[in-house]
Structure formats: structure tokens, C-alpha cells
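Engineer: test case, fold it:
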Amino acid sequence: MYVQETPTGKELRAAFMGSREKAEILASMLRGWGAEVEARPIGERWCATLYSNQLSAVEHPEFKAALEAFIAKAKEKGILTGEQAERKAARLSAGPNAVEIAGVEFCVAPVWKDDEKKALKTVLILYQPADRGQFEEAVKALEELGLAKDADFAATWDDKGRGDIWLKAGAFDKAMVALKTAGLREGEDYTVKRAKGGGYIRVKNPKEDLGKALEVFKKAGLEEGRDYTVYSGQGVICLTVPEALWTIAWRAKIGDARAKAALDQLLEAAERLGIRQYFEEKIRPVLMAGTKNAVGKKMTLEEKGITVEITGFKVE
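Structural biologist: Coordinates of the predicted model:
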């Protein structure tokens with residue numbers, strides 16, 4: 001199995017290429033360790049591939065150690081900057097530190113200032129859906145909780161890979177016939193890559209034709225998940241620190257049960273990571289707001305160069 005950066009530089013990719021038997025055995029082992037991965041044919045060979053969000057879910061010390069060694073080597077050779085290496089290592093370590101915020105499962109990962117992990121630079125709170133519908137639902141759920149997009153969280157969607165459909169053996173030929181019968185033309189509307197265990201279809205204009213192709217599959221009796229998988233791109237939602245923490249803490253303070261549950265989970269994850277004090281310092285001004293004890297208190301946001309002093313209070 002080899003590890004490399006994706007062309008965008010945003011993710012790590014670990015992949016195995018070889019025989020079907022070995023790929024299926026490896027995929028089975030990785031699923032046992034917590035990853036979501038399947039063995040798939042690529043031409044005459046078989047592949048088992050994991051990306052950053054799947055790699056972070058793997059709970060196996062030797063596997064984690066190998067990935068950390070790769071990141072360290074890439075940093076040493078100048079392939080990754082120190083900050084890039086820190087962020088990738090943080091994302092890989094985030095797997096078990098999941099928290100649910102407004103029904104959305106985020107991973108909490110610390111970003112350290114140095115290799116000794118004594119000084120904390122910031123904390124990443126990430127959700128990375130591969131489904132456009134899930135991405136949009138997550139954005140809506142966060143906004144309903146009171147978080148503001150582009151202020152409390154950033155949300156981006158990358159359409160790379162959108163329009164790719166993997167069809168399992170037995171469904172591929174049926175899909176080809178259905179597409180041709182529906183008037184979609186190979187070469188003009190879509191391209192095909194056949195393999196022993198099925199094949200890929202890439203819709204050239206997914207905005208106009210992907211939905212049409214999927215409707216054709218449905219009418220032909222093909223079922224998503226059972227007969228085929230659709231790749232719709234990659235989303236990234238990152239909570240802004242400390243702004244999102246302030247909003248969640250304030251809503252918890254005024255009695256929002258969902259915000260209280262989210263805050264409790266964030267603090268529990270921070271406790272597991274040994275960074276609870278960092279979270280508590282960030283939300284302390286909010287928790288003290290509206291009390292006489294808050295007056296005269298100051299808080300400096302080092303990363304933003306802002307000092308806030310509470311000089312008075314009122315309850316609205």
C-alpha cells in the first residue's frame with residue numbers, strides 16, 4: 001500500500017493495487033479497523049483506496065504510525081510545509097474524536113505550533129461529506145442552530161469527480177442497454193471504462209445528464225447502493241474558532257438543548273485530546289456575560305490581534 005497527496009494537495013490518499021484476492025482481504029481488514037472502503041477493479045488490477053476522511057477513521061497503531069511517518073518524511077523533503085504537515089497530521093488524528101452538532105458529525109483535531117505538541121495553535125472542527133445532499137443539509141442544520149455561514153463556519157463544495165458512476169458486475173451490461181435505449185450516446189453524453197468486476201461511467205455534463213442517467217437506471221430496476229455508486233464530489237465544513245464556540249456556548253447558556261449537547265460533546269472531545277483548557281478559555285467570556293463577575297474581564301485573541309474588555313452588561 002502506498003501513500004501520496006492528491007493533485008489538489010487538500011487530501012492524503014492511501015492505495016493498494018494488485019490482485020482481487022489481496023485487495024478484498026485488505027479492504028476487509030480496513031473495514032474491521034473502522035474505515036469505509038471497498039475493493040474495486042481498475043483495468044486488469046484491483047484497488048483499495050482511502051482518502052483523508054477515511055484514513056482518520058482507521059484505529060490501528062501501526063497503520064497510524066506509517067501515515068505519520070509519511071507526513072514527517074514529506075515535511076523533511078520539503079514536499080509539505082510545516083503548516084500543511086500539521087494540518088494533515090491533525091486530520092488523521094481526529095477520527096475517534098467525533099462530536100455531533102445539530103445532527104452533523106464533526107471531527108475535532110488540534111493543530112500544534114511545534115512537534116513537541118506543547119503549544120496549541122488552533123483546533124480544526126471538520127465535517128467532510130461526499131454527498132451534495134448531506135452537505136446542503138448540514139449547512140441548513142447549522143444555520144438553524146444559529147451559526148452563521150462565513151462567520152461561524154466555512155462551507156465549500158468541490159465538484160471534482162461528480163458524474164462518475166461505478167456499476168457492479170451484473171448491473172453494468174443492463175445499464176449500458178438502458179442508457180442506449182433512453183437515447184444517451186456513448187462518447188457524446190458519457191464515457192465508459194470496463195473492468196472484470198463491473199465498470200465506470202463518466203457523465204460528461206453531470207449538471208444536465210446525471211439525473212437523467214440515474215432515472216434511466218431506476219426505471220431499469222437498478223438500485224443505488226446495491227447495483228451502483230454515484231460520486232458527487234467532496235464537501236468541507238469547518239467551524240470557525242473561536243466564533244463558532246462563542247455562538248454555541250451562548251445558545252447553550254440561554255437554554256438551547258441542542259447547543260448544550262454540542263458544547264458538552266466538544267468539551268468531552270477536548271478532554272480526550274488534552275486541550276479542554278483551550279476550549280474553556282475561549283468560551284469563558286460568553287459564559288460570564290450577563291453577570292457582575294464579567295465586568296472588567298479581558299480576553300486577547302492572539303491569532304486575531306484583538307483584545308476584548310467587558311465594561312458593562314445587560315440582559316436582552
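
Engineer: so, low pLDDT: which residues of the protein?
Structural biologist: Counting by pLDDT under 70, the chain has low-confidence residues at 1-16, 29-37, 43, 50-67, 77-96, 130, 159-162, 195-197, 231-233, 289-316.

Engineer: could you pull out the helices for it?
Structural biologist: 20-32, 52-55, 61-76, 82-92, 132-145, 172-181, 206-219, 243-253, 257-273, 276-288 (DSSP state H).

Engineer: among these, which comes closest to Asp164?
Structural biologist: Shortest distance between Asp164 and the helices of the chain, using C-beta to C-beta, is found for helix 206-219: 8.7 Å. (Each C-beta comes from the backbone N, C-alpha and C, glycine too.)

Engineer: just the CA trace of the closest one, in CSV.
Structural biologist: Listed in CSV are the C-alpha atoms of helix 206-219, where the atom choice follows Å, rounded to 0.1, in the frame of the first residue of the first chain:
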residue,chain,number,x,y,z
PRO,A,206,-23.5,16.0,-14.9
LYS,A,207,-25.5,19.1,-14.3
GLU,A,208,-27.8,18.2,-17.2
ASP,A,209,-27.4,14.5,-17.7
LEU,A,210,-26.5,12.9,-14.4
GLY,A,211,-30.1,13.0,-13.1
LYS,A,212,-31.3,11.7,-16.4
ALA,A,213,-28.9,8.7,-16.3
LEU,A,214,-29.9,7.9,-12.7
GLU,A,215,-33.6,8.0,-13.6
VAL,A,216,-32.8,5.6,-16.5
PHE,A,217,-31.1,3.2,-14.1
LYS,A,218,-34.1,3.4,-11.7
LYS,A,219,-36.6,2.5,-14.5
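
Engineer: give me the contacts around that helix.
Structural biologist: With C-beta atoms under 8 Å, 6 or more residues apart in numbering as the test, helix 206-219 has contacts from 159, 162-163, 165, 175, 178-179, 182, 184, 189-190, 201, 203, 224, 227-228, 230.

Engineer: stretch 155-172 now?
Structural biologist: For stretch 155-172, using C-beta under 8 Å, 6+ apart, the contacting residues are 8, 10, 40, 132, 135, 138-139, 149, 175, 194, 196-206, 209-210, 213-214, 222, 226-237.

Engineer: let's go with 7 Å and repeat that
Structural biologist: Here stretch 155-172 makes contact (C-beta atoms under 7 Å, 6 or more residues apart in numbering) with 40, 132, 135, 139, 149, 175, 197-203, 206, 210, 222, 227-237.

Engineer: for stretch 262-279, buried residues please.
Structural biologist: Going by neighbour count (16 or more other C-beta atoms under 10 Å), the buried part of stretch 262-279 is 262-263, 265-266, 269-270, 273, 275, 278-279.

Engineer: can you give the domain ranges for the protein?
Structural biologist: 1-93, 95-160+233-287, 164-231 (automatic domain parsing).

Engineer: measure the closest residue to Ala154 other than its chain neighbours to Thr156 for me?
Structural biologist: In space, and not counting its chain neighbours, Ala154 is closest to Cys238: 5.1 Å by C-beta to C-beta, 6 or more residues apart in numbering. Going from Cys238 to Thr156 by C-beta to C-beta, to the nearest Å gives 9 Å.
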